[in-house]
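Undergrad: Please work out how this folds:
(2 chains)
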Amino acid sequence: MLKPFVDADGAPFFEYAAQGELRMQTCARCGEVLFPPRPMCPRCQSTEFAWKRMSGRGHIWSFAVPRPPLLPDYAALAPYPVVVVELEEDRRLRLVGNLVASPEAGIDSVDPATIEIGQPVRVVFRELEGLAVAAWTPDE
Amino acid sequence: MSPTPLQDRAAIAGIGQTEFAKHLELSEKALACRAIAMALDDAGIAAHEVDAFAAYTMEATDEVEVAKAVGAGDVTFFSRVGFGGGGSCATIGHLAMAIATGQAEVGVAWRSRKRGSGPRPWTDTVNQLPTPAQWTRPFGLLRPVDEIAVLARRYMHEYGLTREHLGNVAIACRNRANANPAAIMYGRELTMDDYLQARMISDPLCLFDNCLETDGALAVVLVSAERARDCRQPPVYVHAFGQGLPAQHHGMVNYWNDDPLAGPSWIAARQLWKHSDLGPGDVDVAQIYDAFTPLIPLSLEGYGFCGKGEGGSFTEDGALELGGRLPINTSGGGLSEAYVHGFNLINEGVRQLRGTSTNQVAGASTCLVTAGEAVPTSAVLLRRD
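TA: Numbering: from 1, shown residues only, chains lettered A, B, ... in the order given. As a prediction, the model looks like this:
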C-alpha cells in the first residue's frame, strides 16, 4: 500500500493521529481551519498555527468504488469504497479515507451497496505502512 | 480597433497530426517533429520562420530539441503550461498573446504523447504522491478516474445526473468517431445498452466514461491575422482566450471548498466571454475536453450553455449530436478519436471552421475549444471570416 507522504506542513496531523486525535491545522491569528495543511493562512497570511481538535464526527459527502486496473495491493482488495467525509464542524473540511467496519478491518470490510451519501460516520485510527492515519466507520 | 488587444489578432494557419494508435514505433520526439512539419506545410510557412513555441509542462521533448530538429529560426518566445490537459488551449492563447504583442511572428504549439504504449502516470507512486495526493491516494483513490468518480457521484446526488446522461456523452463522441477514419474508434459502434452493461472502472464510472489511451502527436501554427489571410488555408482566428485557476482550487481532488462542482471552467469561461463579442448562444460547435464523461456536463455549465446543475439534462434529446443544440467533439474527442491531452480537439476546431471536418456542422463559423475541467484550465473561442 502507499504510505502517506509526510511533509513539514502536514506532519502534526499524523503525530496527533498516532495519539488517537483528529486535529486540523488552524491559523493562530484568525482561527481559520485549513485543509490540506499549508505554510500560510490564505485569509490573513499568518504563518503561525495551532492544531484544533475535531469531534471526529461527520457525514459522507461522496464516495467511489475503484476496480482494476489498480496498483497490485489495491487490486487484491477491490472493489473497496473510498469515502469523502465532511466534518460536522465545517462542511468544507472534507477528508478522504477508507470506510471500515472496525479499525482493524480491511478497506473492503464495508459493502459498498450499503453506503449512502449523508450517512453519519465517525473517525477511527489505523496503521497504514507504519503510519497512523484517520479512517471512518459507520456511526449509529 | 478591437475591444481587447487579443481579439482576432492571431490566427491558426496550419494544423498537423500523426496517425493515432495504441502503439506507434516512433519516439515522442520524432512524432512531435513530424506533426510540426505537417502543420508548417499545411500553412505554407518555412520552418526557419518559426520564432515561438508553446507546449505543456508534461511534454517530454523540450524546445531546444524540437527547434533544432525541425529547423526553427532564432526563437524569441517560448512558454510552457502546466496541469496536464488543462494546458491545451493555453498553448494557443500564449502564442496568440506573443504574436499580438510583437514578441513573435510564427508560433508553433504541439503535443506529442505515447500514452497508449507508455506508462500510466498514476503508477508513478514516487513523483505523484506529494501534496495533495498524500491525503487521497494512499486510501485507494489512486487514479484520475477515481478522483472524478467522487465528483460524479456527488453530482448525481445533488442534481440528478444519471448514467444515461453520461452515456449520451460517450455515444455522441463515438458516433462522430464512427465517421472519422483517423479515429481509434472508427467503425466501432456504441449503444446505450453497451454503455450501461460495461464493466465498472470506478463506480459510478464505467469503461466508456474513460478516454482512450493513445500514441500520437499534433501541432498547430499561429501567425498574425494579416499574415494568415495570405497563407494556404483560410484563417481561423483566435477570437478570445481565457485561463482559470479558481481561488482555493485543489486540482483533481478539488474537494475542499464551498462548491467542488463549480470547477476551473467557470473562471476560464468568465475570462473568455469578457473578452469576446460573442456569447454561449453564438457557438455553432464545441470541442469540450473529455478525459472523462462527467467533465462534459460540468463544462457545459461552466461555459454557460445551461444553468448550474443542468448539464446532465442538457445532454438529452440528442443535444450533443450533429443537428442538436450543441454538437460536440466532432472528431470523436478524447473518448473516441484519440486522447492526446486534448490537442486533437484544437485541430478539429480548426477543421470545423475550414469546413473540412468528417462531421461537418453546416455553416459553422464559431467553435469553442476547452481544456481539461477539474484542473487549472484554459479555453479558446475560434472563428472564421
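
Undergrad: ok, now how distant is the closest residue to chain A within the stretch 251-385 of chain B from B:Ala247?
TA: For the stretch 251-385 of chain B and chain A, the shortest gap (CB to the nearest CB) falls at B:Tyr255, measuring 4.7 Å. Using the backbone N, CA and C atoms, a C-beta is placed for each residue, glycine as well. Computed as CB to CB, to the nearest Å, the B:Tyr255 to B:Ala247 distance reads 15 Å.

Undergrad: So for the two, which sits in the more crowded spot?
TA: Under the criterion of other CB atoms under 10 Å in any protein chain shown, the comparison of B:Tyr255 against B:Ala247 puts B:Tyr255 first, with 26 against 7.

Undergrad: Pretty sure A:Arg91 is one of the things that one touches, is it not?
TA: No: using CB atoms under 8 Å, B:Tyr255 is not in contact with A:Arg91, being 10.9 Å away.

Undergrad: what is in contact with those two at once?
TA: Contact criterion CB atoms under 8 Å, 6 or more residues apart in numbering or on different chains; residues shared by B:Tyr255 and A:Arg91: A:Trp61.

Undergrad: What are the neighbouring residues in contact with the residue of the stretch 251-385 of chain B closest to chain A?
TA: So B:Tyr255 contacts A:Trp61, A:Val84, A:Arg94, A:Val96, B:Val150 (CB under 8 Å, 6+ apart).

Undergrad: what do you get for B:Tyr155?
TA: Contacts of B:Tyr155 (CB under 8 Å, 6+ apart): B:Leu161, B:Leu261, B:Pro294, B:Pro297, B:Leu298, B:Gly312.

Undergrad: For the fifth one, which non-adjacent residue is closest in space?
TA: If the residues on either side of it in the chain are set aside, B:Leu298 comes closest to B:Glu373, at 5.2 Å by CB to CB, 6 or more residues apart in numbering or on different chains.

Undergrad: got it, and the third one?
TA: Across the structure, with CB to CB, 6+ apart as the measure, the residue nearest B:Pro294 apart from its sequence neighbours is B:Ala152 (4.3 Å).

Undergrad: what kind of secondary structure is the residue of the stretch 251-385 of chain B closest to chain A in?
TA: Using DSSP: H, G, I helix; E, B strand; the rest coil, the structure places B:Tyr255 in coil.

Undergrad: hmm, back to that, wait, doesn't the residue nearest to B:Leu298 sit right on B:Ser265?
TA: Yes: B:Glu373 is within contact range of B:Ser265, at 4.6 Å (criterion: CB under 8 Å).

Undergrad: Export the helix ranked longest in chain A to PDB, keeping only CA atoms.
TA: Counting by DSSP state H, the longest helix found in chain A is helix A:11-18. Provided in PDB are the C-alpha atoms of helix A:11-18 (Å, rounded to 0.1, in the frame of the first residue of the first chain):
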ATOM      1  CA  ALA A  11       3.400  16.300   9.900                       C
ATOM      2  CA  PRO A  12       1.400  17.300  13.000                       C
ATOM      3  CA  PHE A  13      -1.700  15.700  11.600                       C
ATOM      4  CA  PHE A  14       0.000  12.300  11.600                       C
ATOM      5  CA  GLU A  15       1.600  12.900  15.000                       C
ATOM      6  CA  TYR A  16      -1.900  13.600  16.600                       C
ATOM      7  CA  ALA A  17      -3.400  10.700  14.700                       C
ATOM      8  CA  ALA A  18      -0.800   8.400  16.400                       C
END
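
Undergrad: per-residue confidence averaged over the helix or strand just after it?
TA: Counting by DSSP states H and E, the next helix or strand C-terminal to helix A:11-18 is strand A:23-27. In this model, strand A:23-27 has a mean pLDDT of 98.

Undergrad: Does strand A:23-27 reach chain B?
TA: No: applying CB under 8 Å from any CB of the partner chain, one finds strand A:23-27 out of contact with chain B, separated by at least 11.2 Å.

Undergrad: what's that strand in contact with?
TA: A:9-10, A:12-13, A:16, A:32-35, A:37-38, A:41, A:43-44, A:46, A:48-54, A:87, A:93.
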